[in-house]
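Engineer: Sequence first, predicted coordinates after that:
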Amino acid sequence: MSSNRAIPLVDLNEFVHGDEASRAQFVKDLGYAFENIGFVGVVNHGISKELVAGFYAGAKSFFSLPVDIKKKYEVPGLAGQRGYTSFGKEHAKQSRVADLKEFYQIGQKVADGDPIKSEYPDNVYIEETPEFSALGDQLYKAFENSGAHLLRAIAIHLNIGENYFVDKIHNGNSILRAIHYPPIIQEPDSAIRAEQHEDINLITLLVGASAGGLQVLTMDNHWLDVLPGEEEIVVNVGDMLQRLTNNHLKSTTHRVVNPPKNEWHVPRLSIPFFLHPRSEMELNCLESCITATNPLHYDPITAGEYLDERLREIGLKSKIIVDFSLKFIFNFFYRFLI
């Protein structure tokens, strides 16, 4: 890693098409990055720059639409997991001030008869910018494919078998998100574009944003700017993978800071892919990651249960609604019991 880089850089082609020595070195380098930093830059990742550019253009067109049109694609009850989420809805779990962003999400399309399809709502397609939705479906599959290669390397590093994640991510609950940070037009109310947080999922794959701002927090509590190269994606460990490995792999705190005041007029677009497993995947800590010096840190939980818990923490699901529903169900059956 060169001295001016905040995070290491690896070449995915060395793992996918390399010889045994190249694959082993890739696994070693990826493992080091995820154990010590939680972030890595990846080149030759297999995601077409033309596809990315097309999706960026489609996202720009969509977010340029009038607010009342965009809100047609905001579906109540989906906790932001499909379609549009308007400005100011999401916040970091430790914050009550909303991030300065709006976003649009595309989820899994099940095409092989897998019964898990019943768990997933349909994607929301935009009439005004049909190319945005079509390219999103293609980009989703490209990210999913690259992410699967990275998880194979992670499994080898953890010595749990190269195919450990294969069935767990097949038709998984992954999300492709297009995030728009609009121009800042007034002094923010103690908010930045995305407050410090950790991701929920197994790994996140991020296409280089249209403007800077991404920072990661080092183990010695310093913020470092992450400035990926033109054809580089940034990949980081999410909380599910950290939990599975009993903190052996690091889900690193990161944020998106506001630009200098003289650049407030510049919007920012970002395209992360949050790679999730199937909801039934158990996130019980791997026995090999539990040692005398690293005792068990987490109780058993499934990926679906954990996702649900975290969506409430960040404000996309309402605990009040769920509590009310449980109360209603209890009262309904109680009337019959008495």
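Structural biologist: Arrived safely, thanks for sending.
Engineer: Could you list which residues are in contact with the residue at minimal distance from the centre of the chain?
Structural biologist: In the chain, the C-alpha nearest the mean C-alpha coordinate belongs to Phe274, at 2.8 Å (CA atoms, centre = their mean). Applying CB atoms under 8 Å, 6 or more residues apart in numbering, we find Phe274 in contact with 174-177, 199-201, 204, 238. Yep, even glycine has a C-beta here, placed from its N, CA and C like the rest.
Engineer: Distance to Arg5 for those - can I get that in TSV?
Structural biologist: Shown next, in TSV, are those (distance: CB to CB, whole Å):
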residue	distance to Arg5
Ser174	28
Ile175	28
Leu176	26
Arg177	25
Asp199	21
Ile200	26
Asn201	24
Thr204	19
Gly238	22
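Engineer: Now that we have the residues you listed, which of them are buried?
Structural biologist: 174-177, 199-201, 204, 238 (16 or more other CB atoms under 10 Å).
Engineer: right, and out of the residues you listed, which lies closest to Asn246?
Structural biologist: Nearest to Asn246 among the buried ones among the contacts of Phe274 is Gly238, at 14.7 Å by CB to CB.
Engineer: my guess is that closest one meets Leu206, correct?
Structural biologist: No. Assessed by CB atoms under 8 Å, Gly238 is found out of contact with Leu206, at 11.7 Å.
Engineer: List the buried residues in stretch 221-233.
Structural biologist: Buried-residue list, stretch 221-233, by 16+ other CB under 10 Å: 224, 226-228, 232-233.
Engineer: Please apply the same query to stretch 109-117.
Structural biologist: For stretch 109-117, using 16+ other CB under 10 Å, the buried residues are Ile116.
Engineer: measure it end to end?
Structural biologist: Terminal residues of stretch 109-117 lie 8 Å apart, using CA to CA, to the nearest Å.
Engineer: Likewise for stretch 219-227?
Structural biologist: First residue to last in stretch 219-227 (CA to CA) measures 19 Å.
Engineer: and the buried ones among the contacts of Phe274, which of them are in strands?
Structural biologist: Mapping the buried ones among the contacts of Phe274 onto strands (DSSP state E) picks out 175-177, 204.
Engineer: Identify, from those residues, the entry nearest to Phe143.
Structural biologist: So of those, ranked by how close each gets to Phe143 (CB to CB), first place is Leu176, at 6.5 Å.
Engineer: For Gly18, give me phi and psi.
Structural biologist: The phi/psi pair for Gly18 (degrees, to the nearest 10) reads phi -80, psi 170.
Engineer: cool, Val10 as well?
Structural biologist: According to degrees, to the nearest 10, Val10 has phi -130, psi 160.
Engineer: excluding its backbone neighbours, what's nearest it?
Structural biologist: In space, and not counting its chain neighbours, Val10 is closest to Asp29: 5.1 Å by CB to CB, 6 or more residues apart in numbering.
Engineer: ok but that neighbour is inside a strand, no?
Structural biologist: No. Using DSSP: H, G, I helix; E, B strand; the rest coil, the assignment for Asp29 is helix, not a strand.
Engineer: For it, give me its contacts.
Structural biologist: Asp29 neighbours (CB under 8 Å, 6+ apart): 8, 10, 40.
Engineer: what number of residues lie near the first one?
Structural biologist: One way to gauge burial is a neighbour count; for Pro8, by other CB atoms under 10 Å, it gives 18.
Engineer: one step back: quick check: the farthest pair among the ones in strands among the buried ones among the contacts of Phe274?
Structural biologist: Leu176 and Thr204 (11.0 Å).
Engineer: and for these two, which residues touch both?
Structural biologist: 272-274.
Engineer: Helices of the stretch 151-300 of the chain, start to end?
Structural biologist: Under the criterion DSSP state H, counting those that start in this stretch, helices of the stretch 151-300 of the chain are mapped to 166-169, 239-244.
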